[in-house]
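S.K.: Let me see the structure of the following:
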Amino acid sequence: MPKVKSEASKNRDAPYKKPAPSSEELALKEALHTPCDMDEELELFLKYIFEREDLMSQPENLDTKIYAIYSQASNRKGMKISDFKRFYLDLWRLLRSDPQMSSAIFQYTDLKLSDVISTIEAKRKLPIEIYSDFLYFHLGVLSPQYRVYANACLDRTPEFIAWVLQYKQQHPNHQICGIKLASPLLKRADSIVFFCVNRDAAMQLTQAMTHLIGVFEKSIPAMTTRIQDGVGISIGAEPDQIRTGLAANELEIPVGAAVCQSFGTIRAQLIKGAALNYNENKQQYGESFDSFKRFVVAAFRGYGLDPSKKPQNE
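M.R.: Presented below is the predicted three-dimensional model:
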């Protein structure tokens, strides 16, 4: 009587089937063996990263260090702590009559701007976290698709905020969902960020902003699209809001705060992964910037981003 093979025996005899490659593996294979185009701004940023031996030698928290380079403003002068309170008092005088703008909330401390003003006026001590916090203005419930990055001069920021109020009043259908204002103590190239419903709304806002002479510094966040030469205004597509693993202490964010993914953090983490893969495989694929660039291309494509296009085309 013939023996009946068990399922285990059948599985042992069956030919091995290699699992289908992931999207990341396919992107890597394509990037390493075919010509790869890259946006000029992104390539210049990567060149700077590649030439930094301290970054390419796999330091801890590489993504947070890349993000810090992305957001830093090379020519922005920070404000002294003694001027911090005066900054928000001046801001409050402009905003208090506007129902939407006066209801602003600090992102991580979850404090209302009005409560912070009351604390300052009463000469009470502010929580230490407030000095590195971001002030959020919620202007609508629509979902943003584009961001406008403005690197406003510190001494011109109140003037610029006054202009924003005027713009909002003159354009009731402005389609700005919200505004984020960085602490004046943070040296950032995106001191003010506007969250817009679509590209048309973003471009309308930036075209109006370019008429403000002497209000903006020159630098912009890396990998964003500059609107005008020599002016710190740029745009970028709004990423999906998912949590990021960037270290809170490196980004001066209070521990435990809800940290969502942003334009910069997505790219910082993709570049980090590419750098680690490059270091592991450079003996096989070549120890050069071109090789590193291909690993970055693979990382971007695997995530669903096109490295050859400007951010507004995502």
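
S.K.: residue contacts, Val197?
M.R.: Contact criterion Cβ atoms under 8 Å, 6 or more residues apart in numbering gives Leu142, Ser143, Pro144, Gln145, Tyr146, Gln175, Ile176, Cys177 as the residues in contact with Val197. Yep, even glycine has a C-beta here, placed from its N, CA and C like the rest.

S.K.: do Ile192 as well
M.R.: Ile192 is in contact with Tyr149, Ala150, Asn151, Ala152, Thr157, Phe160, Ile179, Lys180, Leu181, Ala182, counting by Cβ under 8 Å, 6+ apart.

S.K.: from the residues you listed, which is closest to Ala237?
M.R.: Lowest distance from Ala237 to the contacts of Ile192 (Cβ to Cβ) belongs to Tyr149, with 11.9 Å.

S.K.: I'd guessed Ala299 sits against Ala275; true?
M.R.: No: between Ala299 and Ala275 there is no contact under Cβ atoms under 8 Å: 9.3 Å.

S.K.: for the stretch 101-250 of the chain, what spans make up the strands?
M.R.: Remark: strands assigned in the stretch 101-250 of the chain by DSSP state E, counting those that start in this stretch are 105-106, 134-138, 146-150, 176-182, 192-196, 225-226, 233-237.

S.K.: check contacts around Ala104.
M.R.: Leu95, Lys112, Leu113, Leu135, Tyr136, Phe137, His138, Leu181.

S.K.: Output the strands of the stretch 101-250 of the chain as CSV; include the columns distance to Leu55 and mean pLDDT.
M.R.: Output for the strands of the stretch 101-250 of the chain, formatted as CSV (distance: least, Cβ to Cβ, whole Å; pLDDT from 0 to 100):
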stretch, distance to Leu55, mean pLDDT
strand 105-106, 31, 95
strand 134-138, 26, 93
strand 146-150, 23, 93
strand 176-182, 24, 94
strand 192-196, 25, 94
strand 225-226, 24, 88
strand 233-237, 22, 88
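
S.K.: which of these sits most buried?
M.R.: Among the strands of the stretch 101-250 of the chain, strand 146-150 has the highest mean neighbour count (mean count of other Cβ atoms under 10 Å), at a mean of 26.

S.K.: which regions of the stretch 151-300 of the chain sit below the pLDDT cut-off?
M.R.: For the stretch 151-300 of the chain, applying pLDDT under 70 flags the ranges 239-262.

S.K.: same thing but at 90, please
M.R.: 154-155, 184-190, 219-225, 230, 236-274, 276-291, 293-300 (pLDDT under 90).

S.K.: just the helices in it please.
M.R.: Secondary structure of the stretch 151-300 of the chain (DSSP state H, counting those that start in this stretch): helices at 157-170, 199-209, 263-285, 289-303.

S.K.: And the ones you listed: which comes nearest Ala237?
M.R.: Of all these, helix 263-285 comes closest under Cβ to Cβ, at 7.2 Å.

S.K.: returning to what we had before: in CSV, list the helices of the stretch 151-300 of the chain along with mean neighbour count.
M.R.: Below are those laid out as CSV (neighbours: other Cβ atoms under 10 Å):
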stretch, mean neighbour count
helix 157-170, 16
helix 199-209, 18
helix 263-285, 19
helix 289-303, 21
